[in-house]
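S.K.: Turn this into a model:
(one chain, ligands or ions: 1)
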Amino acid sequence: MKKELSASIIIFIIIMIGFIFSVRVSEQQNNKYLREKYVQSTEIKENTATTIAAPSEKAIDYQQKKVIIWVTSIILGMVVPAFFLFSGLSVGIRNWAQSRSKIAFIAFILYFIVYYSIITLISLPLDYYSSFVLKHAYGLSNQSFGKWIGDFLKSFAIAIAVGSALIYIPYALIKRSPGYWWLYFGLLLIPVLFFITFISPVYIDPIFNKYEKVQDTKLEARIYDLIDKTDIKNVKVYQVNKSVDTKEMNAYMTGVLNTKRIVLWDTTIKNLTDRETLAVVAHEMGHYLMGHVWKAIVLGGILNVFIFYLINKIALWVINKSGGTFGITKLHDIASLPLLMLLLSIVMFIVTPTINAYSRYTETEADRFELELTKDNEASMSSMIKLHQTSLALPTPGIVYKLWNYDHPTFEERVDFAKNYKPWEEGKALKYEKYIK
Ligand SMILES: [Zn+2]
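M.R.: So this is what the prediction gives:
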């Protein structure tokens, strides 16, 4: 291995240590801020639906655990593929796969299955702890162990099936067009993402939970009345039995073309008043009208091209400077998969704050539309307060955690916005008038 590569690795490790330190400091500062700002609400025990209550010790504790899990998963996402490279394990799996089948396509699939299985096993304890143990410990989960393991096995099977079907494509592109594979592969992913977004609501999501029309017919009628206040045509509203998994609440908009839908977790319908549920639906309608799903597909596609461009550049440099340390001399060797995954982790780590900032912008616009449509600031505030407090969300996390993890504005920001945004009271024009009949 050449000096430039070892020096780069050392510098990168130092940067990551600095990053972890900054996470710690920002969380400490934030806890201080929360204790100072929300101290009064504790004393007078203010917990009306339009005021954020002081975060409980339990919520602060839960946030600390989430931060540790997040940092651990970043480290694992880099250390595990690095281990495959440095230990020679990747080359070993490749040699084994090639000895089992002379057909490159099959050997690639065998490599992928072994690689993905090992990665899944390594991340299993953290996965189990964060999505099952921790959620139960903090009273956020209704999930039985059987459902957890069932969902885990289903996800694993889907990943193996999809990964095996697709793994050969990037490598064939790298081999045929070493200079421009990143461009072709990035562009090719746009229709793939489109297709996945199209079929997921109908074929993938029901594998995990039950989707049905909103059971409360009075509420359902009010929802469709609200939809009739806009030009939205044939959108379907579903409820999903997430109460088997969680006590938390949520709603989302997904699908493209005729699979477009608004989905409400049944926990949301159960715990919110009708007015609050309508506020949540109005937010999702905002995503629908502003085309946030297809914009995410197109922007994501463009971003992918940029990401693969960077990965290609760095990977070629690493292979060149490695002097054969990893047993890889060509990028189209399947044994380079951990290298590509390691670089993907690093590049994603770098671009995540930008993706989240864009997402927070679209969420604010959906909140704005929600308020313009319903003009019900109180219901918006109280629905947000219930949604966040049930999930033990802090009014705001540390700034570093926010930049890397928050694809929605913070609890505090959203409630403030819902409290203060009422241009109709000042006779000002609405930003999304054009969407409202
Ligand atoms: Zn949203």
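S.K.: only C-alpha atoms for contact and neighbour calcs from this point on.
M.R.: Fine.
S.K.: least trustworthy helix or strand in this protein by mean pLDDT?
M.R.: helix 39-43 (a mean of 55; mean pLDDT, DSSP states H and E).
S.K.: any idea which helix or strand comes after it?
M.R.: As assigned by DSSP states H and E, the chain's next helix or strand after helix 39-43 is helix 57-86.
S.K.: Tell me the buried residues in that next one?
M.R.: For helix 57-86, the neighbour count (16 or more other CA atoms under 10 Å) marks 59-60, 62-64, 67, 69-70, 76-78, 80-82, 84-85 as buried.
S.K.: Then stretch 204-221?
M.R.: Across stretch 204-221, burial judged by 16+ other CA under 10 Å covers Phe208, Tyr211, Val214, Leu219, Glu220.
S.K.: got it, and stretch 413-420?
M.R.: For stretch 413-420, the neighbour count (16+ other CA under 10 Å) marks Arg414, Val415, Phe417, Ala418, Lys419 as buried.
S.K.: Pull the residues that contact it.
M.R.: Here stretch 413-420 makes contact (CA atoms under 8 Å, 6 or more residues apart in numbering) with Thr364, Asp367, Leu371, Asn377, Glu378, Ser380, Met381, Met384, Ile385.
S.K.: let's see it at 6 Å
M.R.: Counting by CA atoms under 6 Å, 6 or more residues apart in numbering, stretch 413-420 makes contact with Asn377, Met381, all of which sit outside it.
S.K.: Show the average pLDDT along it.
M.R.: On average, the pLDDT along stretch 413-420 is 96.
S.K.: Please state the offset of it from the chain centre?
M.R.: 23 Å (CA atoms, centre = their mean, to the nearest Å).
S.K.: Name the SS class of the most centrally placed residue in the chain, please.
M.R.: Nearest to the geometric centre of the chain sits Asp407, at 7.8 Å (CA atoms, centre = their mean). Recorded secondary structure, Asp407: coil (DSSP: H, G, I helix; E, B strand; the rest coil).
S.K.: and it, what are its phi and psi?
M.R.: Main-chain torsions, Asp407, degrees, to the nearest 10: phi -90, psi 0.
S.K.: which residues sit in contact with it?
M.R.: Neighbouring residues of Asp407 by CA under 6 Å, 6+ apart: Asn356, Ser359, Arg360.
S.K.: Around the second one, count how many other residues there are.
M.R.: Ser359 is flanked by 18 other residues according to other CA atoms under 10 Å.
S.K.: quick check, Leu264 in a strand?
M.R.: Yes - assignment of Leu264 by three-state DSSP places it within a strand.
S.K.: In this structure it contacts Thr254, no?
M.R.: No - assessed by CA atoms under 6 Å, Leu264 is found out of contact with Thr254, at 11.3 Å.
S.K.: More neighbours: which of these two?
M.R.: Leu264 (26 against 19).
S.K.: Distance check, the more buried one against Ile11.
M.R.: With distances taken as CA to CA, to the nearest Å, Leu264 is found 46 Å from Ile11.
S.K.: Look up the closest residue to Asn356, ignoring the ones flanking it.
M.R.: Asp407 (4.6 Å; CA to CA, 6 or more residues apart in numbering).
S.K.: residue boundaries of the helices in the stretch 51-200 of the chain?
M.R.: Assigned by DSSP state H, counting those that start in this stretch, the helices in the stretch 51-200 of the chain fall at 57-86, 89-100, 104-128, 134-137, 145-166, 168-176, 181-199.
S.K.: Show me what the helix or strand hosting Tyr358 packs onto, helices and strands only.
M.R.: According to DSSP H and E, Tyr358 maps onto helix 337-374. Secondary-structure packing of helix 337-374 (3 or more CA pairs under 6 Å, 6 or more residues apart in numbering; DSSP states H and E): helix 57-86, helix 274-289, helix 399-405.
S.K.: And those helices: which comes nearest Val235?
M.R.: helix 274-289 (8.9 Å; CA to CA).
S.K.: right, and the helix or strand after that closest one?
M.R.: helix 292-322.
S.K.: mind listing what's buried in that next one?
M.R.: By neighbour count on 16+ other CA under 10 Å, the buried set for helix 292-322 is 292-294, 296-298, 300-309, 311-312, 315, 318-322.
S.K.: Same question for stretch 184-196.
M.R.: Quick answer for stretch 184-196 (16+ other CA under 10 Å): Phe185, Gly186, Leu187, Leu189, Ile190, Leu193, Phe194.
S.K.: And for it, what's in contact with it?
M.R.: Here stretch 184-196 makes contact (CA under 6 Å, 6+ apart) with Gly301, Asn304, Val305.
S.K.: same thing with stretch 305-312?
M.R.: Trp182, Leu183, Gly186, Leu343.
S.K.: Can you pull the phi/psi pair for Glu212?
M.R.: Main-chain torsions, Glu212, degrees, to the nearest 10: phi -150, psi 170.
S.K.: mind listing what it touches?
M.R.: Tyr238, Gln239.
S.K.: Okay, and the beta partners of it?
M.R.: Beta-bridge partners recorded for Glu212 (DSSP bridges): Gln239.
S.K.: isn't Leu85 right up against Phe326?
M.R.: Yes - Leu85 is in contact with Phe326 according to CA under 6 Å; the separation is 5.5 Å.
S.K.: what ranges of this structure fall below the confidence cut-off?
M.R.: The model of the chain has pLDDT under 70 over residues 40-48.
S.K.: Apply 90 and report the result again.
M.R.: By pLDDT under 90, the weakly predicted segments of the chain are 1-2, 36-54, 233-235, 256-258, 323-324, 437.
S.K.: ok, back up a step: right, and the pair among the buried residues of helix 57-86 with maximum separation?
M.R.: Among the buried residues of helix 57-86, Ala59 and Leu85 lie farthest apart (CA to CA), at 39.5 Å.
S.K.: if we can go back for a sec, turn the contacts of stretch 305-312 into CSV, including distance to Lys260.
M.R.: Formatted as CSV, those follow (distance: CA to CA, whole Å):
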residue, distance to Lys260
Trp182, 30
Leu183, 29
Gly186, 24
Leu343, 34
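S.K.: Kindly indicate which of the residues you listed lies nearest Ile149.
M.R.: Nearest to Ile149, judged by CA to CA, of those is Leu343 at 30.2 Å.
S.K.: List the contacts of that closest one.
M.R.: Ile311.
S.K.: how near is it to Lys321?
M.R.: Taking CA to CA, one finds Leu343 at 15 Å from Lys321.
S.K.: How much space separates Leu76 from Leu124?
M.R.: 11 Å.
S.K.: Tell me which of the buried residues of stretch 413-420 fall in helices.
M.R.: With DSSP state H as the criterion, helices contain Arg414, Val415, Phe417, Ala418, Lys419 from among the buried residues of stretch 413-420.
S.K.: which one of the residues you listed sits closest to Lys229?
M.R.: When these are compared for distance to Lys229 (CA to CA), Ala418 wins out at 20.5 Å.
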